[in-house]
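> Test case, fold it:
(chains A, B, C and D)
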2 protein chains.
Amino acid sequence: MFSIGQLSRRTGVKVPTIRYYEDRGLLPQPERSSGNQRRYDEHTLKLLKFIRHTRQLGLPLEDVSELISLQEQSGPALSKAHEIALRQRDLLRERIEELQKLEAELERISNACTHPHLEAEHAGECAVLNGFSDHGSCEHAHRSCPVGRNLPRKTG
Amino acid sequence: MFSIGQLSRRTGVKVPTIRYYEDRGLLPQPERSSGNQRRYDEHTLKLLKFIRHTRQLGLPLEDVSELISLQEQSGPALSKAHEIALRQRDLLRERIEELQKLEAELERISNACTHPHLEAEHAGECAVLNGFSDHGSCEHAHRSCPVGRNLPRKTG
DNA sequence: GGTAATTGCTCTAGTAACTAGAGGTTCAAG
DNA sequence: CTTGAACCTCTAGTTACTAGAGCAATTACC
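Residues are numbered from 1 along each chain as shown, chains lettered A, B, ... in the order given. Modelled structure (predicted):
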């Protein structure tokens, strides 16, 4: 039986975030001390590590929730879990590709300013700023937004 | 002089988003028709295209804002713009590396379920679910959160 | 046993970058 | 001159947290 602070230290998940997960129903309501403080056991520790890991993999809490309930079942549930993993992998692949294109473009833009003599730099205009606005000189189309939602924020 | 809907169609930025940018001070308050409807010119069209592009590159609105004000200046402002581009490129590089590690891990996890006979699958436990919780079998550490904030959402 | 520091509690509000909806007005076509 | 699409403002919701207020419980030390 340990406190929320200990749970936090042992998982790397911040205290308010643990309470948030409880609110969202991802973690069960824990036992309480005589003074109403949360008391956790090893099972919850495992569960929270699971949640942290899936979040690091980019799964939205909704999917994490689903995976947790799948864990209590068997049979057809298993293929669903597989499906979630595959879907996430594909999303990630797409995102990586898009980001690589963007990286190349940022490279192009900042090079333009590192070597201003190689570029036409009339009337005090900066190639970086032009690069940001000028999409014509960017050979690849990136119409759709390259990055997804549902991604975890920077954490410790 | 064109309406907000036309501006939206010509830039791919949704109408409420345009109004939101105006609220945030990224776009100037436009002229209005006699009936109080927004009327735009080519200059705002250019500016909005600039904003859209920088957003696609993953710059937060705060940086976009800064770049816009830099555009009105010259001299030392230019090196600041360069700095922003470089910083963003570096962030992107880090993110790509992290995501590639995660992709490999998801690959591992879903393969575990595709070839269940290759894995010990005792008592109806699915390797996908195990893969999600078991961080020990993941050779690389991904302590910090791999993905950043400030990224644009999915847009048409 | 007393006291102080730390940790915990609940609750509300804030973050980024939008998106959706209510309820009303204006514009352009026929 | 009517109709329907597009526009207006305003508020509230989204995701996954984070920060803070104001108070209670626990732990450490003397």
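> All the strands of chain A, in order from the start?
A:31-32, A:38-39 (DSSP state E).
> Just say which of these is most tucked in.
Of these, the one with the most neighbours on average (mean count of other Cβ atoms under 10 Å in any protein chain shown) is strand A:38-39, at a mean of 18. No exception for glycine: its C-beta is placed from N, CA and C like everyone else's.
> What is that strand packed up against?
Contacts defined by 3 or more Cβ pairs under 8 Å, 6 or more residues apart in numbering or on different chains; DSSP states H and E place strand A:38-39 against strand A:31-32.
> Tell me which residue of chain A lies closest to DNA strand D.
Relative to DNA strand D, the nearest point of chain A is residue A:35 (2.1 Å; Cβ to the nearest atom of the strand).
> show me the contacts for residue A:29.
residue A:22 (Cβ atoms under 8 Å, 6 or more residues apart in numbering or on different chains).
> Return the backbone torsion pair for it.
Note on residue A:29: backbone dihedrals following degrees, to the nearest 10 are phi -70, psi 120.
> And the pLDDT for it?
As predicted, residue A:29 sits at a pLDDT of 95.
> What of residue A:22?
Residue A:22 is given a pLDDT of 95.
> what about it, how many residues close to it?
16 (other Cβ atoms under 10 Å in any protein chain shown).
> Show the contacting residues for it.
Per Cβ under 8 Å, 6+ apart, neighbours of residue A:22: A:28, A:29, A:30.
> mind running it again at 10 Å?
A:4, A:28, A:29, A:30, A:38, A:44 (Cβ atoms under 10 Å, 6 or more residues apart in numbering or on different chains).
> what's the most distant pair in the residues you listed?
Largest separation among those by Cβ to Cβ: A:4 and A:28, giving 13.7 Å.
> Compare those two and say which is more crowded by neighbours.
residue A:4 (17 against 11).
> Phi first, then psi, for residue A:35.
According to degrees, to the nearest 10, residue A:35 has phi -100, psi 20.
> What residues of stretch A:55-63 count as buried?
Using 16 or more other Cβ atoms under 10 Å in any protein chain shown as the test for burial, stretch A:55-63 gives A:55, A:56, A:57, A:58, A:59, A:60, A:61, A:63.
> JSON lines for the residues you listed, including pLDDT?
Conversion of these to JSON lines gives the following (pLDDT from 0 to 100):
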{"residue": "A:55", "pLDDT": "84"}
{"residue": "A:56", "pLDDT": "78"}
{"residue": "A:57", "pLDDT": "70"}
{"residue": "A:58", "pLDDT": "73"}
{"residue": "A:59", "pLDDT": "77"}
{"residue": "A:60", "pLDDT": "83"}
{"residue": "A:61", "pLDDT": "89"}
{"residue": "A:63", "pLDDT": "83"}
